[in-house]
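Peer 1: 3D model of this:
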Amino acid sequence: MESSAQPAIAVCIPCYRATATILDVLMSVGPEVTHIFVIDDACPDSTADLVEKNCTDPRLQVIRNDRNLGVGGAVVQGYRAALNENVDIAVKVDSDGQMDPKLIPYLIRSIVDGSADYTKGCRFYSLKDMRAMPRVRLFGNAALSIISKISSGYWTVMDPTNGFTAIHRTALQQLPLSKLSPGYFFESDMLFRLSTIRAVVKDVPMASVYNGEESQLKIRRVLYEFPPLYGRAFVKRMLYCYFLRDFNAVSLHFVIAIALIVPGFIWGGFHWWRSIQTGVAATAGTVMLAVLPLILGFQFLLGAVQGDMANQPVEPVQRMPERVGRRSPMSLNNAANENRQG
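Peer 2: Predicted coordinates for the structure are as follows:
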């Protein structure tokens, strides 16, 4: 990438109890980055004070939250600052040292060449890297990846909780920042919100570094908090994409599937319970009236899933000038030149 064509890039680093790692992370940020936002999320060990005292990088701006907003809320503060600075790409890097900022040019490459609106790291490309991942995290991320595919509609995207991400300004402007999940569901919620604006998302292979630190994302929190959030995101996406914005073959398959599966379960469940209570086995006809709708319903459901897989966004939002909101469309190169001249 030629330096004369470099876009304006902001790095947003949410911080909470990160005094042991934040300085090393900041030292690794390369010259391609034009703005660095460190967001102190009401950190009890005063990460902001440490950064201001020890880092003299002119690109640095420290943002202090008066109260703890959660990792998602802190990132949103960084996103708002990036939009105010008129940057072209906003990159999120965690403060725990598990992500190498030197990979930022690699992370944003698809955004710069116009083939994607949002890119994210993925730790599932290399078997060697997966072996280095703690087994609990590996299993949890694999399970969440499957659920996230169904919820967001990005069937080719893995590792939904990976926090090493980059987003084009045009897509960022269209997201309802105030509605993004403020907690650890933030990355998954981003995928859902991006699906509603038909943004193109791409995975970027990466390896994470694990130094024995304890993850803030607890298994209990994932088991109890994430399922209803994924379920709600799925329902909203289906309504937005297949019933409000459009009604197509996927919509029809889904409606027929529900119309068959629900009565089949109710009919079969009722007669199964009555057979247990009375000791009289259900007749073959009764069983067929339950089984046949279920079989047909699942066939239609598979058809809806297949159609949803084929309906993934292929045209990046950044290439659609009619959908740009607050500023006139321009290419990344033109935007970068404008920022330098201004």
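Peer 1: Low-confidence stretches in the protein?
Peer 2: The chain contains residues with pLDDT under 70 at 1-5, 129, 132, 208-221, 223, 321-342.
Peer 1: which helices and strands sit right next to the lengthiest helix in it?
Peer 2: As assigned by DSSP state H, the longest helix anywhere in the chain is helix 249-278. Helices and strands touching helix 249-278, by 3 or more Cβ pairs under 8 Å, 6 or more residues apart in numbering; DSSP states H and E, are helix 284-310. Yep, even glycine has a C-beta here, placed from its N, CA and C like the rest.
Peer 1: Now do the helix it packs on: which elements does it pack against?
Peer 2: Applying 3+ Cβ pairs under 8 Å, 6+ apart, one finds that helix 284-310 contacts helix 249-278.
Peer 1: is it fair to say residue 91 lies in a helix?
Peer 2: No - read with DSSP: H, G, I helix; E, B strand; the rest coil, residue 91 is strand and lies in no helix.
Peer 1: Quick check: beta-bridge partners of it?
Peer 2: Judged by DSSP bridges, the bridge partners of residue 91 are residue 11, residue 166.
Peer 1: ok, so what distance separates it from residue 82?
Peer 2: As defined by Cβ to Cβ, to the nearest Å, residue 91 lies at a distance of 9 Å from residue 82.
Peer 1: Residue 89 too?
Peer 2: As for residue 89, its distance to residue 82 is 9 Å (criterion: Cβ to Cβ).
Peer 1: Need the overlap of contacts for those two.
Peer 2: In terms of Cβ atoms under 8 Å, 6 or more residues apart in numbering, residue 89 and residue 82 are both contacted by the residues 10, 169.
Peer 1: okay, stretch 240-247 in CSV with CA atoms only?
Peer 2: Extracted C-alpha coordinates of stretch 240-247, given in CSV (Å, rounded to 0.1, in the frame of the first residue of the first chain):
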residue,chain,number,x,y,z
TYR,A,240,-36.1,-6.8,9.2
CYS,A,241,-34.7,-8.7,6.3
TYR,A,242,-37.5,-11.1,5.3
PHE,A,243,-40.7,-9.5,6.3
LEU,A,244,-40.3,-5.7,6.5
ARG,A,245,-37.7,-5.0,3.9
ASP,A,246,-38.6,-7.9,1.6
PHE,A,247,-40.7,-11.0,1.3
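Peer 1: List the buried residues of it.
Peer 2: Residues 241-242 are the ones in stretch 240-247 that count as buried (16 or more other Cβ atoms under 10 Å).
Peer 1: Is it correct that residue 254 is in contact with residue 305?
Peer 2: No - between residue 254 and residue 305 there is no contact under Cβ atoms under 8 Å: 9.2 Å.
Peer 1: between the two, who's got more neighbours?
Peer 2: The neighbour count for residue 254 versus residue 305, taken as other Cβ atoms under 10 Å, is higher for residue 254 (20 against 17).
Peer 1: Quick check: closest non-adjacent residue to that one.
Peer 2: Spatial nearest neighbour of residue 254, chain neighbours left out: residue 304 (4.4 Å); criterion: Cβ to Cβ, 6 or more residues apart in numbering.
Peer 1: The one you found and residue 180: what is the separation?
Peer 2: Noted for residue 304: a distance of 27 Å to residue 180, by Cβ to Cβ.
Peer 1: So residue 179 versus residue 83, what's the distance?
Peer 2: 16 Å.
Peer 1: between those two, which one's more packed in?
Peer 2: Neighbour count, other Cβ under 10 Å: between residue 179 and residue 83, residue 83 has more, with 17 against 10.
Peer 1: quick one: contacts for the more buried one?
Peer 2: Going by Cβ under 8 Å, 6+ apart, residue 83 touches 90, 169, 172-173.
Peer 1: for the helix or strand hosting it, which positions count as buried?
Peer 2: Secondary structure assignment for residue 83, by DSSP states H and E: helix 70-84. By 16+ other Cβ under 10 Å, the buried positions in helix 70-84 come out as 70-83.
Peer 1: Residue 234 touches residue 151, doesn't it?
Peer 2: Yes - when contacts are counted by Cβ under 8 Å, residue 234 is listed as touching residue 151 (4.5 Å).
Peer 1: what about those two, which has more around it?
Peer 2: More neighbours surround residue 151 than the other of residue 234 and residue 151, with 26 against 17 (other Cβ under 10 Å).
Peer 1: Against residue 308, how distant is the more buried one?
Peer 2: Noted for residue 151: a distance of 11 Å to residue 308, by Cβ to Cβ.
Peer 1: right, and residue 120 touches residue 162 too?
Peer 2: Yes - the pair residue 120 / residue 162 is scored as a contact, 5.5 Å apart, by Cβ under 8 Å.
Peer 1: list residues touching both of those two?
Peer 2: Common neighbours of residue 120 and residue 162 (criterion: Cβ under 8 Å, 6+ apart): residue 187.
Peer 1: who's more crowded, the two?
Peer 2: Legend: neighbour count by other Cβ under 10 Å for residue 120 and residue 162, higher for residue 120 (27 against 24).
Peer 1: residue ranges for the strands of this structure, please.
Peer 2: For the chain, applying DSSP state E gives strands covering 9-15, 35-40, 60-64, 89-92, 118-122, 165-168, 201-205.
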